[in-house]
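Asker: build me a model from this:
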Amino acid sequence: MAKIKSLDELKKIREQATQNTGLRTTGENPDRIILAVGMATCGIAAGARETLAALVDKVTEHKLENVSVITTGCLGYCYAEPLVEVREPGKDPIRYGNVDAARAIEIIEKHIVGGALLDNAILSQEVNRLE
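Answerer: Residues are numbered from 1 along each chain as shown. Below you'll find the model as predicted:
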């Protein structure tokens, strides 16, 4: 880690850390898009920390104020970790499997910003049916 050379530099680091931490809260806004990263033992072992960091960095870069990146426990698909579940208001959740940092960036750029599903990465799609 590089040495901090000035108080202004320290303030910038603090501001960035505060901003990134703010992305990890959902708040009370029902219009938020939630990106849930599976951070159980299996997810962490498979690289979920890097996935989480890539998501937070891209959300920050794109200034997506309606997106929260949160952590969750096991999503039940340990063989496909790291997992990211995308929860958009009014839509069924989408689970992406084997999400490394590059795939996380693709989720932000293509799914969240571009509105297109990554068909080659969808692990499951919840379907709410009235029986």
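Asker: quick one: what helix or strand has Leu35 in it?
Answerer: Using DSSP states H and E, Leu35 maps to strand 33-38.
Asker: after that strand comes which helix or strand?
Answerer: helix 41-46.
Asker: check which residues of that next one are buried.
Answerer: Neighbour-count burial for helix 41-46, with 16 or more other Cβ atoms under 10 Å as criterion, is recorded at Cys42, Gly43, Ile44, Ala46. Where you see a C-beta, it was placed from the backbone N, CA and C, and this is true even at glycine.
Asker: pLDDT of the helix or strand following that helix, averaged?
Answerer: Per DSSP H and E, the first helix or strand lying C-terminal to helix 41-46 is helix 48-61. Averaging pLDDT along helix 48-61 yields 95.
Asker: residues in contact with helix 48-61: which ones?
Answerer: For helix 48-61, contacts defined as Cβ atoms under 8 Å, 6 or more residues apart in numbering pick out 16, 19-20, 23-24, 35, 37-39, 67, 69, 71, 81-84, 99-105, 107-109, 112.
Asker: neighbours of the spatially closest residue to Gly73 that is not a sequence neighbour, just the number please.
Answerer: The shortest distance from Gly73 to any non-neighbouring residue, by Cβ to Cβ, 6 or more residues apart in numbering, is to Ala40 (5.0 Å). Ala40 has 18 neighbouring residues, counting by other Cβ atoms under 10 Å.
Asker: make sure Ala40 is actually in contact with Thr71.
Answerer: No - look at Ala40 against Thr71 with Cβ atoms under 8 Å: they stay out of range, at 9.5 Å.
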